[in-house]
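Enquirer: Okay, structure incoming, though there's no sequence with it:
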Ligand code: F0G
């Protein structure tokens, strides 16, 4: 049978109410890409779970199919979220599909071009707030408590239900859980979902390495960050809504949450691209964390199965790349000029 999306594929494992009306863009079923060069370097079997290949270019579609399906089934007409960009694009797409109105709140000037364009293209009402993601989330929580507007941030438990499916897919492909799972942590919904998913699926448990950006690392510091700052705008979050659960996942799994610098994130992004996988900066944090830990000698990957979760596509944030190189050279339209430019072949 052809693939029919996550609720169809894994619905029996998802705690969704009976009124749920399946709204799907055939999300999920993303590839677990073997990375032979990185595997050799770390002496392990390293895979990238490339979540950038979801319909709107990020892992958010897994949770959004569940959250929008539930919301539309109970008669909601408007959904709202705060977002650093990917949730906004995903909510906009699934709301469009369901015929709902979508309102998305984003921090002014801090959302990557591909995400903002997505939200607009899918027809969401996009509002910039003069504040951070955390401020936007506070506003969104308040309005959904006082009005019938449905909240589709990962505080919504159905988002977590949907996002558990990534853990199921990894187990199904590998025949069990990997030894390590490395992933970025922002508002901490994803790490919470993976851990819940692995526990529920009972095919083994990975150790979890959660990775925050150094300028937005409340879970490493142990206190909220008032003014989070990082090149990885997707995880520019100072007060994660599911912070406690993220720490629990790290602790229970005998893993940890660490932070990496923006330079380490961008370097990991380049390394992934050099092996054919272009991800947005935040998505490279998992690999950056793995690299930082192995340089410190606190991570022995040898002989292990390691899954690095790459949460969003590189196309989401092209300016990070285009700002760092000069425009391609221009040549006259003739063969000699081309050969001259290419040099020895
Ligand atoms: N990677 C990407 C590409 C993201 O967009 C996010 C979160 C994360 C990682 C972190 O996941 O929040 O579950 O810990 N983006 C949210 C958004 C905050 O609004 O799109 P998390």
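Expert: Noted; the coordinates are in hand. Not measured: the values here are computed from a predicted model.
Enquirer: What parts of this protein come near the ligand?
Expert: 58, 60, 83-87, 154, 184-191, 234-235, 280, 282-283, 311-312 (C-beta under 6 Å from any ligand atom). (Each C-beta comes from the backbone N, C-alpha and C, glycine too.)
Enquirer: Which members of those are classed as buried?
Expert: 58, 60, 83-87, 154, 184-191, 234-235, 280, 282-283, 311-312 (16 or more other C-beta atoms under 10 Å).
Enquirer: quick one: pLDDT of the residue positioned nearest the centre of the chain?
Expert: The structure's the chain has its C-alpha centroid closest to residue 311; by C-alpha atoms, centre = their mean the separation is 3.1 Å. With respect to pLDDT, residue 311 has a value of 98.
Enquirer: so it sits right up against residue 193, yeah?
Expert: No - the criterion here is C-beta atoms under 8 Å, and residue 311 misses it with residue 193 at 11.6 Å.
Enquirer: what residues does the helix or strand hosting residue 192 touch?
Expert: Per DSSP states H and E: residue 192 is located in helix 189-201. With C-beta atoms under 8 Å, 6 or more residues apart in numbering as the contact definition, helix 189-201 has outside contacts at 13, 59, 62-63, 153-154, 159-160, 162-168, 171, 177, 181, 183-185, 204-206, 208, 210, 241-242, 245-246, 248-250, 252-253, 309, 311.
Enquirer: Which ones among the residues you listed lie within strands?
Expert: Mapping the contacts of helix 189-201 onto strands (DSSP state E) picks out 181, 183-184, 208, 210, 309.
Enquirer: coming back round to it: check the offset of the helix holding residue 192 from the chain's centre.
Expert: Its chain's C-alpha centre and that of helix 189-201 lie 14 Å apart, by C-alpha atoms, centre = their mean, to the nearest Å.
Enquirer: And the helices in the stretch 1-150 of the chain?
Expert: Along the stretch 1-150 of the chain, counting by DSSP state H, counting those that start in this stretch, helices occupy 6-10, 36-42, 60-73, 86-98, 113-121, 133-146.
Enquirer: Determine which stretch of those helices is the most buried.
Expert: When the helices of the stretch 1-150 of the chain are scored by mean count of other C-beta atoms under 10 Å, the highest mean neighbour count falls to helix 60-73 (a mean of 30).
Enquirer: how big is the angle separating that one from helix 86-98?
Expert: 40 degrees (axes from the mean of the first three to the mean of the last three C-alpha atoms, to 10 degrees).
Enquirer: Point out the other helices and strands that helix 60-73 packs with.
Expert: helix 6-10, strand 78-82, helix 86-98, helix 157-163, helix 189-201 (3 or more C-beta pairs under 8 Å, 6 or more residues apart in numbering; DSSP states H and E).
Enquirer: list the buried ones in the last one?
Expert: Residues 189-198, 201 are the ones in helix 189-201 that count as buried (16+ other C-beta under 10 Å).
Enquirer: Give me the nearest residue to residue 317, chain neighbours excluded.
Expert: Among residues not flanking residue 317 along the chain, residue 112 sits closest, at 3.7 Å (C-beta to C-beta, 6 or more residues apart in numbering).
Enquirer: Contacts only, for that neighbour.
Expert: 85, 233-234, 280, 316-317, 319-320.
Enquirer: about what we covered before: check the gap between the residue nearest to the centre of the chain and residue 337 for me.
Expert: 42 Å (C-beta to C-beta, to the nearest Å).
Enquirer: for residue 296, same thing?
Expert: The value you get for residue 296 to residue 337, if C-beta to C-beta is used, is 49 Å.
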